[in-house]
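Q: Take this sequence and fold it.
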Amino acid sequence: MLVLMVCVAFATQTFFVTDFTMRKETMVRTSSLFLPNILMIDLLSFSSGFVESLLKLTRFGNLVIIGFAQYFTAAFLIGRYTIYDFRLLLLSISTVLIAAAGYIVNDYYDVKIDYINKPDRVVIGKSITRRFAILFHVVFSAIGILIGFYLSLTIAAINILSVFLLWLYSNNLKRQPFVGNLVVALLTGTSIYVVDMLYRTNSSLVLIYALFAIFMTLVREIIKDIEDLKGDNTFGCKTIPIIWGIRKAKVFIYIILAMFSVSVIVLNKRYDILPYQSYLLFLFAPLGWFVFRIYQADTRKDFSWLSTFCKVLMLVGILSIAFA
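A: Residues are numbered from 1 along each chain as shown. Okay, the predicted model is just below:
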């Protein structure tokens, strides 16, 4: 209503005041009313857009899953008291910050490839400059490392190694066959097992879930390489699907899943951790369906679905911790 009244006043004075000086003064006064509002709207729009782009760049959903997995691991496999432990909160913050920094530096190096594979997901160079991206990478990594030093020298060493490997992966390793995939998988498993390192319980269950994270991440990384085959091949990447072809890459995925299944059975038999019905319900049944869909997959859309389903499987794995 206030804006409408100002507009009416401005129109009335413009058309009916004959003196040019008076019209000029009126326009200046009215502009002074609107200008702060316009600037405020632009500022809020820029801020919200920048935050949205930063969340997209750092894969906010994945970061939530990482923190969620660490808290579930601590609460159900170590002890409910850990939920209220300030050290667990700090550990989760440091892990999430380092993971966010890894996503940023990965996109920093992959801008050209992403314009081919996923042009709608490109953020760096559009809404966030390359300079700001590197700044966030350095700040997030530094905070994560400093928190690690506060918790323990062991966790600090793990955080430093993680930052280095994430940078090396983005700069070089991801363009090499299998090595880059393995590095990401090991770092994912470490994000689970580091919870046990914080509390030093040597839990066999934590080890099993860390192995689950490693194997499923490894499978997902290879599926993503199949999905991104066009862009990776254009820029000379030497991923497994490019070197071996899609069919042999699928066979390699089957082997990885078989190795994981055998590892779980052997560990469970040795430590008598869970009844096999639990594994059948939460693990082997979804894995069987997953293998069937991999066998059927043929298009980029199919492999994109499989990549998303890998996340679902990992989320189911996290939720199954509550029944361990």
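
Q: And this protein, split by domain according to the record?
A: Per automatic domain parsing, the domain ranges recorded for the chain read 1-57, 58-323.

Q: Can you say which of those domains is packed in most?
A: domain 58-323 (a mean of 18; mean count of other C-beta atoms under 10 Å). For glycine as for every other residue, the C-beta is placed from the backbone atoms N, C-alpha and C.

Q: from the chain's centre, how far out does it sit?
A: 9 Å (C-alpha atoms, centre = their mean, to the nearest Å).

Q: now the helices for the stretch 101-250 of the chain?
A: 111-117, 130-151, 153-171, 179-199, 204-227, 229-234, 240-244, 246-271 (DSSP state H, counting those that start in this stretch).

Q: returning to that earlier point: and the domains of the chain, which one's lowest on average pLDDT?
A: Of all those, the minimum mean pLDDT falls on domain 1-57 (a mean of 50).

Q: What distance do you get for Leu89 to Ile147?
A: According to C-beta to C-beta, to the nearest Å, Leu89 and Ile147 sit 10 Å apart.

Q: Just want the phi and psi numbers for Met314.
A: phi -70, psi -40 (degrees, to the nearest 10).

Q: surely it meets Ala213?
A: Yes: using C-beta atoms under 8 Å, Met314 is in contact with Ala213, at 6.8 Å.

Q: where do the contact lists of these two overlap?
A: Residues touching both Met314 and Ala213 (C-beta atoms under 8 Å, 6 or more residues apart in numbering): Ala69.

Q: before we move on, back to that, who wins for proximity to Gly102 among the helices of the stretch 101-250 of the chain?
A: Across the helices of the stretch 101-250 of the chain, Gly102 has its closest neighbour in helix 153-171 (3.5 Å, C-beta to C-beta).

Q: ok and the closest one relative to helix 130-151, angle-wise?
A: 160 degrees (axes from the mean of the first three to the mean of the last three C-alpha atoms, to 10 degrees).

Q: and the direction of helix 153-171 versus that of helix 179-199, what angle?
A: Put simply, helix 153-171 runs at 160 degrees to helix 179-199, going by the same axes, to 10 degrees.

Q: Need the CA coordinates for helix 153-171. CSV is fine.
A: Provided in CSV are the C-alpha atoms of helix 153-171 (Å, rounded to 0.1, in the frame of the first residue of the first chain):
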residue,chain,number,x,y,z
LEU,A,153,47.5,-36.1,16.3
THR,A,154,46.2,-39.3,14.6
ILE,A,155,43.0,-37.6,13.3
ALA,A,156,45.0,-34.5,12.3
ALA,A,157,47.3,-36.8,10.2
ILE,A,158,44.3,-38.4,8.6
ASN,A,159,42.8,-35.1,7.8
ILE,A,160,46.0,-33.8,6.3
LEU,A,161,46.4,-36.9,4.2
SER,A,162,42.7,-36.7,3.1
VAL,A,163,43.1,-33.1,2.0
PHE,A,164,46.3,-34.0,0.0
LEU,A,165,44.7,-37.0,-1.6
LEU,A,166,41.5,-35.2,-2.6
TRP,A,167,43.6,-32.5,-4.3
LEU,A,168,45.8,-35.1,-6.0
TYR,A,169,42.7,-37.0,-7.1
SER,A,170,41.2,-33.9,-8.7
ASN,A,171,44.4,-32.8,-10.3
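
Q: which other helices and strands contact it?
A: When contacts are defined as 3 or more C-beta pairs under 8 Å, 6 or more residues apart in numbering; DSSP states H and E, helix 153-171 packs onto helix 86-109, helix 130-151, helix 179-199.
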